[in-house]
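Undergrad: Generate a structure from the sequence data that follows.
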Amino acid sequence: MATASLFARRVSPTERVCLLVSPAGNAADLLVLIDGRVVFQRTVRLPDSVGEEAVARRLAAEIQRTLVVAQQGPLASNPLEHVFLFGSTEEHQPLTDALGEDFGVPVSVVDPFAITDVPDDGLPERPGRFAALVGMILDESYKSHPIDFLHPKRPPPPANRRRMVGSITAAVAIVLGGIGYYAWSQIADADEQIERLTAERKDRDDLLKRTAATTQLAGAVRDWLDSEVVWLDELRDFSLRFPRGRDLVVQRMTMARDRAGGGGVELSGTVRDQQILVDMERDLRDQYHELRSKRLQERDPGSAYPWIFESSMSLTPRDRDSYLEQQASTP
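TA: Residues are numbered from 1 along each chain as shown. Okay, the predicted model is just below:
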């Protein structure tokens, strides 16, 4: 959000749909903007200890993946029109050439320090990495942070309408108490004050609407994170509860996130004895895992694993601390 704020202060693009690329060490933030509003964001990891051309090719591929995903949603009817890279021309020359060939859209480089008073001899070697930081500092100076992370649910203070009405009433009283030229001058002053107060009221109403939308967005992001399944912790949990390799072999495992929250796992493989499968389902089943068998069939009675099985498991999102508690209690 800070990077997008800096972009709004630094650039006034004529295109509606833009992609911002903000490098940050061995990662990069990719933001899709429509009419200046962030509609899709993704952070990608970049390889270490490789040449700049390899990094540029990797980043170009990640940008392509980002656009493919975004085209299923916000970019379905809004094709990309411009790509902006934060940094210097020397820093992004390989990437600029790669993007120009792959996407066929204009590629521009934006110096995040161009609107600051930092002298040229004091600029860092890779200024693109400081885009988000410069945006945060500018937001702090203007007191206009897009998201209040300390109080995401607190609405902004309402406009003091009583004071506004009192000021207008006082102005009208002065007009009514004046006479002659002095009275007419006060009327003119009162009219100017009314226009100013009306403009201030409109600005406050607009700020209230923008803040409400931002708060709603922050709530949606928080709800999405709360419903996310930590797959690495789930895999560790499975490995601790699964039978030994000589008793059961998993040949296929498919994991996916559920639209309603949580996730699902599809398992298939071979097992030495059907009782082992029953014991596995009992060990895996708890308040966060609901397991059910879809198929159990004896395939080759003379083999080491004569039974084949298919099982399905539903996962309920849980607090990350519960994984740590379970790991501490597992011998």
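Undergrad: element containing residue 269?
TA: Taking DSSP states H and E as the definition, one finds residue 269 inside strand 263-271.
Undergrad: Run through the strands of this structure in chain order.
TA: For the chain, applying DSSP state E gives strands covering 17-24, 27-34, 37-45, 82-86, 107-110, 248-257, 263-271, 289-298, 307-315.
Undergrad: Make JSON lines out of those and add mean pLDDT, distance to residue 193 and mean neighbour count.
TA: For every residue, glycine as well, the C-beta is placed using N, CA and C. Formatted as JSON lines, the strands of the chain follow (pLDDT from 0 to 100; distance: least, CB to CB, whole Å; neighbours: other CB atoms under 10 Å):
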{"stretch": "strand 17-24", "mean pLDDT": "83", "distance to residue 193": "41", "mean neighbour count": "23"}
{"stretch": "strand 27-34", "mean pLDDT": "86", "distance to residue 193": "38", "mean neighbour count": "20"}
{"stretch": "strand 37-45", "mean pLDDT": "85", "distance to residue 193": "34", "mean neighbour count": "15"}
{"stretch": "strand 82-86", "mean pLDDT": "84", "distance to residue 193": "42", "mean neighbour count": "23"}
{"stretch": "strand 107-110", "mean pLDDT": "83", "distance to residue 193": "41", "mean neighbour count": "18"}
{"stretch": "strand 248-257", "mean pLDDT": "90", "distance to residue 193": "56", "mean neighbour count": "14"}
{"stretch": "strand 263-271", "mean pLDDT": "91", "distance to residue 193": "60", "mean neighbour count": "18"}
{"stretch": "strand 289-298", "mean pLDDT": "87", "distance to residue 193": "66", "mean neighbour count": "13"}
{"stretch": "strand 307-315", "mean pLDDT": "90", "distance to residue 193": "62", "mean neighbour count": "18"}
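Undergrad: Please produce CSV containing these, extended by distance to residue 233.
TA: Formatted as CSV, the strands of the chain follow (distance: least, CB to CB, whole Å):
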stretch, distance to residue 233
strand 17-24, 26
strand 27-34, 22
strand 37-45, 20
strand 82-86, 34
strand 107-110, 39
strand 248-257, 12
strand 263-271, 12
strand 289-298, 13
strand 307-315, 11
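Undergrad: mind checking which of those strands is nearest residue 216?
TA: If you check each of the strands of the chain against residue 216 by CB to CB, strand 37-45 wins as the nearest, at 13.4 Å.
Undergrad: ok, residues contacting the closest one?
TA: With CB atoms under 8 Å, 6 or more residues apart in numbering as the test, strand 37-45 has contacts from 1, 4, 24, 26-33, 59, 62, 66, 69-70, 73-75.
Undergrad: Equivalent analysis for stretch 147-156, please.
TA: With CB under 8 Å, 6+ apart, stretch 147-156 has contacts from 1, 207, 208, 211, 212, 214, 215, 217, 218, 219, 222.
Undergrad: mind checking how far the fifth one is from residue 264?
TA: To tie it back to what came earlier, the one meant is residue 212. Using CB to CB, to the nearest Å, we find residue 212 at a distance of 35 Å from residue 264.
Undergrad: All set now, cheers.
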